[in-house]
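Engineer: Provided below are the primary sequence and the corresponding predicted coordinates.
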Amino acid sequence: MEDKVVQIEQRIAEIEKRIAKLEGFPGTKPTVILSKEVPLEKKAAGPEQTSAGISILGIALLVIGGLILLSSLPSFLYGLFGGSSYGYSFTTNLIWTVIGSFLVAFGLRQIQRHREVQKREPQIQKDTASQIVFKSTPSTEKTTKEEEQSFEFKLAANWFAIVGIVAIVLAVVFFLKFAFDNGLIGPIGQVIIGLVFGICLIFAGEALREKVHKYSQIISSGGIVVLYLSIWAAYGLFYLISPYVALSSMSLITILSSLLAIRYEAVYIGVLGVIGGFATPILLGKGFESEMILMSYIIILNLGVLAVSFFKNWRELNIATFAGTYIVFVSWVGIHWKVEKFLETITFLTIIFLIFAVSLFIYNFVYKKEAGESDIILMLLNAVVYFGLGYYLMTDAGYKDFIGFFAFCLSAFYFVLGSLSYQKFKETSYLTLGFLGISIFFLTIAVPLSVKKNLITIVWAMEAASLLLLGFLISSQKLRVAACIIYILVVIRLVGLDTQIDISKFTLIFNMRFLTFMISVISMGIASYLYFKYRQNLDEDEKKILPSLLIVANILLIWALSWESISYFARRIDEVKKADLKVSTSDVRVLSQRIAQTQFFPATDSAKAQFGIVEFKIQELNAQGTNPFTTYIPLATVKLTDVTGNRVISQSFSNADGLAAFGEIPPGRYGILAYKAGYKGIWKQNGYGSGSGCIQSGLKGTTFRATIQNQNTGGLIAAWDDGLEIDGGATVLCRDLGLTKISSQEENPPYNYGNTNYRQSQSSNYQPPKQLSTNTLKQIKNL
């Protein structure tokens, strides 16, 4: 009984607090209606202010205006204080500076209005025994209507205040411009005036805080801007202070801006301080090649700003800090990055990544707050940007082989955060889903970065089965959906990439393609069993996955067996097409006689020619009184080997007088088939001069490397060009052993054996060999 009395007293106290809150709004006269059986929502411990989201328009305007100011403001100030005349460039920069300032001011105003609207939204808490419903009286409705009607006046009044501050600042600027141009005030005086003016604006805002709260925020913000510009001018324009003094001064201004933001409860003052803090290294420009100093400054700034955001729940600060941090980091990498600084750079990058990743987790973990949409987006962007920058640094530094391990470490890190979040918030939490989703993403991309070809599909299939099992064990539908997505990737790889195989290395059943298909089919079989076992816990949509998995698994099995059969017979056909010409030296003359009567025969792609030991140079034929066709009776020796089949294709011997020297083939236009990889041709014997001859070739687009064995000399002689008349001159194909072109040398004058002159004259393109008929192939196979 006493417990019930205590509960009733607590509820009455809560009702009184709510009524007191509503009485704080002018003209509100609440009435209370009690209803039963409504659950009481637990009140989460955390900061007083809560935010359901952010102003997208305000952030966009803030970013655009900030970028415009960063590009135009330095040039404007240089033109203003550097004594330059008022030209087109100065006017343009002035216009862009004003536009950027208005965009920043309007963006900050949008953010502030958004937060004010969120504060005024009624926080209705439900009780297990009663629900409190507040209804406004007619006076409340009238007040709300009057506020709506006066909104235009308030907006105009705010804009007039902003325009007034801008006008005052511009008036002071142009007055100082006149004084500076005429030498009335020196550089030190200019900086002092700027500092004093900025401090005065801040004190003026503090003095007006109780009377005109909103206007005082605008005035204090203007003071922060003036202080930033004064320090920048002292360093960048007049070189009065060192870069470290400038860095320390701007850090103090950033801290001051954060304190003012907390005091005024104005998030846009904090955002302004963050923009100034991260713009400091960019504005100062030189003097910050030292990575240790710059990154330490960025890390300290991150910790300070995120601490403020942590206690005030200002998500806008998180976004501004995230953007500023990575903009400064990328700018430094683009200018000062060197491979020698890899360890320091990747260490600082990792620290920055951990600050953003862990801060979000700690905030939601401590205050038991559900992550919002902006939190999930920031979490995903942090992971993607970190991995992208890490990928670039590791690739540039020569550590590309470790990128897969890098992605796996990221996956493990987010899996740990996801597991902790699951224990706290369970599977329905957006934070848990975000962490686990990022973990699965990096695990999936770590596979192709670590292994190659078929192993990618094998690991993906095993990963999908593991995720599916985990999804059933913890009753997570999201994990089961992720597993199905990975199965889709497995099927795409199997059909699109893993089906291809090298026929020359194919072995029936015992090959990586068949193994990959079998492991994938077994994985899908396990998935089907899991869906069947836990079918009672599935909804109607998930129950359709079981038959789909079985159908896909059977199709893949049939696909694999069909391609095994196709590849087996393709291998056999390839072996038949390769001429099985296993001959020896003793029967090469008979082989030559048979083949010489056929047309061209294309060589296999893997044929390799083996040549004699001794070679002689072509220019030796230029000796006076030498007849190369009578003195050097060539004996061509060639051994062609099929490298793939490890067998001799043909082995031939011939002299310039034809095969008549062997006593078996009469003199005439006969010869030996000799071919090289990708080429064709029949070598013919043709009479040339008295009792001598030359080898004539039907080869097109290549040279044949022959060895001339006589008086311990040899040379590069391919053939006589079959397209020229013998008695009108001849062309010797030689020198160029390339695969696409041949070089030629012409004998000039013909028949002048006393003064033989060879000169390079032309080149010819390679022509592919003709395809042999089936009957010709059979005849060659029967040789």
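Structural biologist: Yep, it's here.
Engineer: helix or strand right after whichever strand or helix holds residue 459?
Structural biologist: Using DSSP states H and E, residue 459 maps to helix 454-473. Toward the C-terminal end, the helix or strand that comes next after helix 454-473 (DSSP H and E) is helix 477-493.
Engineer: Just list the residues touching residue 386, thanks.
Structural biologist: For residue 386, the contacting residues are 349, 350, 352, 353, 410, by CB atoms under 8 Å, 6 or more residues apart in numbering. (Each C-beta comes from the backbone N, C-alpha and C, glycine too.)
Engineer: ok, now with 7 Å
Structural biologist: Contact criterion CB atoms under 7 Å, 6 or more residues apart in numbering gives 349, 353 as the residues in contact with residue 386.
Engineer: State the pLDDT value of it.
Structural biologist: The per-residue pLDDT reported for residue 386 equals 94.
Engineer: pLDDT averaged over the helix holding residue 459 - what is it?
Structural biologist: When pLDDT is averaged along helix 454-473, the result is 90.
Engineer: and it with helix 477-493, angle?
Structural biologist: For helix 454-473 against helix 477-493, the angle by axes from the mean of the first three to the mean of the last three CA atoms, to 10 degrees is 160 degrees.
Engineer: which helices and strands sit right next to helix 454-473?
Structural biologist: Packing contacts for helix 454-473, counted by 3 or more CB pairs under 7 Å, 6 or more residues apart in numbering; DSSP states H and E, involve helix 430-450, helix 477-493, helix 512-533.
Engineer: Against residue 264, how distant is residue 386?
Structural biologist: The spacing between residue 386 and residue 264, counted by CB to CB, to the nearest Å, is 34 Å.
Engineer: number of nearby residues for residue 444?
Structural biologist: Counted by other CB atoms under 10 Å, the residues lying close to residue 444 total 21.
Engineer: For stretch 401-413, buried residues please.
Structural biologist: Within stretch 401-413, the residues that qualify as buried are 403, 404, 406, 407, 408, 410, 411, 413, counting by 16 or more other CB atoms under 10 Å.
Engineer: ah, wrong one, I meant stretch 293-306
Structural biologist: Taking 16+ other CB under 10 Å as the basis for neighbour counts, the residues of stretch 293-306 that come out buried are 294, 295, 297, 298, 301, 302, 304, 305, 306.
Engineer: Mind jotting down where the strands sit in the protein?
Structural biologist: In chain order, the chain shows strands spanning 31-35, 131-135, 607-610, 635-642, 647-655, 683-687, 693-697, 720-721, 731-733, 741-747, 758-765, with DSSP state E as the criterion.
Engineer: returning to what we had before: right, so the helices and strands packed on helix 454-473: which one is the most enclosed?
Structural biologist: When you average the neighbours per residue for each of these (mean count of other CB atoms under 10 Å), helix 430-450 leads with a mean of 21.
Engineer: Show me what that helix is packed up against.
Structural biologist: For helix 430-450, where contacts count as 3+ CB pairs under 7 Å, 6+ apart, the packed elements are helix 373-396, helix 403-425, helix 454-473, helix 477-493.
Engineer: which stretches of the stretch 351-500 of the chain aren't confidently modelled?
Structural biologist: Scanning the stretch 351-500 of the chain with the threshold set as pLDDT under 70 gives 367-370, 426-428.
Engineer: I'm done for today, thanks for sticking with me.
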